Every structure is written in structure tokens, then in C-alpha cells.
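Colleague: I'll drop the sequence and a predicted model, then ask my questions.
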Amino acid sequence: MHLTKKAIQERIKEIDVVIELLDARLPGSSANPMLAALTGAKPALKVLNKQDLADPARTALWLAHYNSLPGTRAIGLDASMSTPAKALIEACHALAPSRGSMVKPMRVLICGIPNVGKSTLINTLTGKRATKTGDEAGVTKLEQRIVLADGFYLWDTPGMLWPRIIVAKSGYNLAASGAIGRNAFEEEEVALELLDYLIKHYPSLLEARYKVEVPPGITDEQLLEAIGRKRGAVLTKGRINLQKAAEIVIYEFRAATLGRVTLETPEEFAEWLAVGKKLDAERQVKKDKIETNRLIKFKKIPRPAKPQEI
């Protein structure tokens, strides 16, 4: 992460447009908050990748949200598009109309979290295996330059997560999507959070896929057990293998065999972010207080004077 951050800081000085590849199923959660600080006021193209896996109505909401922001354009892409390069080039030219010739080439930096489909997209753009791909986080290791068209240069960077995720729901959504490695989360916990959201917003998809009833008031734990029972994830004495059931739910969400699902709307994410920032600020106040007390204890700083009584 440190090397990627450093590479972006050095490269951004000569970049005309920054493309951030987002997961269309979780656009807010998959947007790296560090990029805003690293890229400053550079024109931004938000690309909602894997839109064929996402809820089309919600994708439209997210595109409208990003297109309403100053200096920003947003488009959707998926594996079925035959000319994604054309869409990207046109969007970049709209953001930087004076660039794109051999004299003034368009210089574009493409960023994204791990496993968002960046390497696969670049291979599609170039028509050859320009970068390694894989269904796991962190396949791209080094920055590389790719000539996408005459006068159009694309710099690819390794996928980068930020040091601390302050939005709790984003952590679960990123884990469900595969952006976070398996060793960093518990499948059962992630599956329960995923089911809790799907019960509220996509109950018909759950019923159609798993052939279970999703009545009002059903809990995520009850539903996970029902799915495990239906799929044969049963241990001795009729106990449900919740780990296996969780793996099934997560895999079928990622593969979209469950259906086209989006785990957040712009309004929902804004609410989650506000709560996350508030809690983070409160944690920082407590942390600062502990550090101040430590410095006073070891006489690194003087003890603050008590207010004088009147």
C-alpha cells in the first residue's frame, strides 16, 4: 500500500484524468477515500465496473450521483461491452478536451481496490494479456504504462485498500465482494450481514434461489440455517454446517447466481459514512486523551494548570 501511494503521488503531477474503477454492487464502499487526498482536484472518471452483476435501477442512481459532482463523470462497464475503450476515451476527452493528440497526449491514471476487475478490463481494452488477472485480491504488483490509443496513455497501479475502514458496513460489503482476502474476515459473520441486507431489500431473490420462505421478521441466523439445510450442509445429529452455508451465500453473491444485487444506495452510504466519521472522531478524542495522560505521567509535557477559583 505504501509503495502504491508513493507511486500515485509521483505520477499524479503529470496526469490529466484519474479513473477510479468501482464495484457497481458497492460503489460507495469500493471508493478509496485516500484517492481524493492523493489526486487533489484532478478531473475524475468514476467507472462502475461489473454493472451486469448489479441492480440496474441502483446503478442508475449511482451514476446520477457521481455525474452531479463537479469535475466528475461516471459510466458503467461490464464484461459484455464490445467497445469499452471507446467509452473510456470519450469520457476522458470530455473531462480534458485539450488533451489527446500526439503533441498533447492524454495521460490517465487508473486506480481501484483489489479484485475490482481492473486487470481484466485493461486486458479487454488492449486486446491482449497486458496484465495478470485472478479472482483474488492483489494480483497487480507494479505500476505499468499501457498505450490505449494514439495520444492516449494509461498508467495502471496495484489495487489499494486504505489503512482503516471507518464505515463498518463497508468492511462487510468489501469482504462479501472479494476485495478483502479470506484470512481477514469470518465467512459466517460476513454472510449474516449480507443476508440481513438481502432480507430487507431482495427477499424475492432469496426465495427464488434457495427455495426457502423469507417471511417478515425472519432473522439472518434463521435464514442461513434454512439455506444450509436446503443445500445439504448438514452435520451429525441434524446440525447445520454454518461455515459451509456461509461460503455458499458469499460465492453465489459474487457470481450473481443469486441475482443482480447492489448492497447500497447513495443515500444509505452517506448515512453510514456520517455515523462512521462521528464514531471515528470520538475514538480519536479518547486516543488523544490517553496519549496526553501518558506524556504527563512520564513528564514529557507539563500537567495543565487547574482553573483558578474566583
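Modeller: Nice, thanks for sending it over. Residues are numbered from 1 along each chain as shown.
Colleague: from here on, contacts and neighbour counts on C-alpha atoms
Modeller: Will do.
Colleague: ok, now how distant is the residue lying closest to residue 49 once chain neighbours are set aside from residue 38?
Modeller: Excluding the flanking residues, the one nearest residue 49 by Cα to Cα, 6 or more residues apart in numbering is residue 77, at 4.8 Å. Here the criterion is Cα to Cα, to the nearest Å. By it, residue 77 lies 25 Å from residue 38.
Colleague: contacting residues for the residue nearest to residue 49?
Modeller: 47-52, 84 (Cα atoms under 8 Å, 6 or more residues apart in numbering).
Colleague: could these be laid out in TSV, adding neighbour count?
Modeller: Converted to TSV, the contacts of residue 77 look like this (neighbours: other Cα atoms under 10 Å):
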residue	neighbour count
47	26
48	25
49	24
50	20
51	24
52	19
84	17
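Colleague: Which residue in the residues you listed has the weakest pLDDT?
Modeller: pLDDT is lowest at residue 84 among the contacts of residue 77; the value there is 87.
Colleague: does that one really touch residue 127, like I thought?
Modeller: No: distance between residue 84 and residue 127: 11.0 Å, which falls outside the contact criterion (Cα atoms under 8 Å).
Colleague: State the number of residues packed around residue 69.
Modeller: Neighbour count for residue 69, taken as other Cα atoms under 10 Å: 11.
Colleague: what residue ranges in this protein score low on pLDDT?
Modeller: By pLDDT under 70, the low-scoring segments of the chain are 1, 128-143, 308-310.
Colleague: Going by residue numbers, what spans are helices in it?
Modeller: Per DSSP state H, the chain carries helices over the ranges 2-11, 33-39, 56-67, 84-95, 118-126, 168-177, 187-201, 203-210, 220-230, 242-254, 266-297.
Colleague: Could you point out which of those helices sits nearest residue 151?
Modeller: helix 84-95 (10.6 Å; Cα to Cα).
Colleague: ok, residue 267 - contacts?
Modeller: With the criterion set at Cα under 8 Å, 6+ apart, residue 267 makes contact with nothing.
Colleague: distance of it from residue 152?
Modeller: 35 Å.
Colleague: what's the answer for residue 283, then?
Modeller: Taking Cα to Cα, one finds residue 283 at 45 Å from residue 152.
Colleague: ok, now residue 259?
Modeller: Counting by Cα to Cα - residue 259 and residue 152 are separated by 37 Å.
Colleague: Residue 283 and residue 152: which is more packed in?
Modeller: The neighbour count for residue 283 versus residue 152, taken as other Cα under 10 Å, is higher for residue 152 (20 against 12).
Colleague: who's in contact with the residue nearest to that one when sequence neighbours are not counted?
Modeller: Spatial nearest neighbour of residue 152, chain neighbours left out: residue 106 (4.7 Å); criterion: Cα to Cα, 6+ apart. By Cα under 8 Å, 6+ apart, the contact list for residue 106 reads 16-17, 96, 99-100, 151-153.
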